[in-house]
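> have a look; sequence and predicted model below, questions after that.
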Amino acid sequence: MWPRIGGLRALALGTPGELRARLNTLVLAGVKTATAGLLNEYADEGEELEHVGERLALVDDADALVAVVQVTGIEVTRFAEVPWDFARAEGEGDRSIEEWRAGHAAYWARVGTPVTDDSEIACVRFRLVSAGAGGIATGDLGT
């Protein structure tokens, strides 16, 4: 199971270190409004898919709360069919869907879960609800 903070499931983007810090910064800046995950990771972790309206605790390398995001959309699709508008919403600077696919395939291969065109991807869209002293400090974790 994924960690919980204040009853919210944790959203740990990328891998710990520089990548997670960069992705969290993109979320805080409002640039990153989506993230992709492998559907089989949910099963491996005993987790259900996110649902629209669910709030997630964005965490850093120490699983400390960075921000709260709210899910605005969820779709499962084949890796080869992830749409460009979703890839662009990930906000990671890819200039085309081909570049997005190459980067994500390389990432998942590096972490030991290579993908094929048929791999099922959970495409999660979200919006930033609260960050920093405003909101988090006042307990804005409610679902």
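All right, it came through fine. Residues are numbered from 1 along each chain as shown.
> pretty sure Trp100 is touching Val82, no?
Yes: in this structure, Trp100 is within contact of Val82 by Cβ atoms under 8 Å, at 7.3 Å. Using the backbone N, CA and C atoms, a C-beta is placed for each residue, glycine as well.
> neighbours of the residue nearest to Ser96 when sequence neighbours are not counted, how many?
In space, and not counting its chain neighbours, Ser96 is closest to Trp84: 7.5 Å by Cβ to Cβ, 6 or more residues apart in numbering. Trp84 is flanked by 12 other residues according to other Cβ atoms under 10 Å.
> again with Ser130
Residues contacting Ser130 under the criterion other Cβ under 10 Å number 20.
> on that earlier part again, need the contact list for the residue nearest to Ser96.
Taking Cβ atoms under 8 Å, 6 or more residues apart in numbering, we find Trp84 in contact with Ser96, Ile97, Trp100.
> who touches the lengthiest helix in the chain?
Using DSSP state H to assign secondary structure, the helix with the most residues in the chain is helix 97-110. If you take Cβ under 8 Å, 6+ apart as the criterion, helix 97-110 is touched by 14, 36, 38, 79-80, 82-84, 87, 90, 92, 94, 114-115.
> please compute how far that helix lies from its chain's middle.
Distance of helix 97-110 from its chain centroid, counting by Cα atoms, centre = their mean, to the nearest Å, is 15 Å.
> list the buried residues for that helix?
For helix 97-110, burial by neighbour count (16 or more other Cβ atoms under 10 Å) applies to Ile97, Trp100, Arg101, His104, Ala105, Trp108.
> output that helix as PDB, nothing but the C-alphas.
Presented in PDB, the C-alpha positions along helix 97-110 are these (Å, rounded to 0.1, in the frame of the first residue of the first chain):
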ATOM      1  CA  ILE A  97       4.000  12.500 -28.300                       C
ATOM      2  CA  GLU A  98       6.900  10.500 -29.700                       C
ATOM      3  CA  GLU A  99       9.300  12.300 -27.400                       C
ATOM      4  CA  TRP A 100       7.000  11.700 -24.400                       C
ATOM      5  CA  ARG A 101       6.700   8.000 -25.300                       C
ATOM      6  CA  ALA A 102      10.500   7.600 -25.600                       C
ATOM      7  CA  GLY A 103      11.200   9.400 -22.300                       C
ATOM      8  CA  HIS A 104       8.600   7.400 -20.400                       C
ATOM      9  CA  ALA A 105       9.600   4.100 -21.900                       C
ATOM     10  CA  ALA A 106      13.200   4.800 -20.900                       C
ATOM     11  CA  TYR A 107      12.200   5.800 -17.400                       C
ATOM     12  CA  TRP A 108      10.100   2.700 -16.800                       C
ATOM     13  CA  ALA A 109      12.900   0.500 -18.200                       C
ATOM     14  CA  ARG A 110      15.400   2.200 -15.800                       C
END
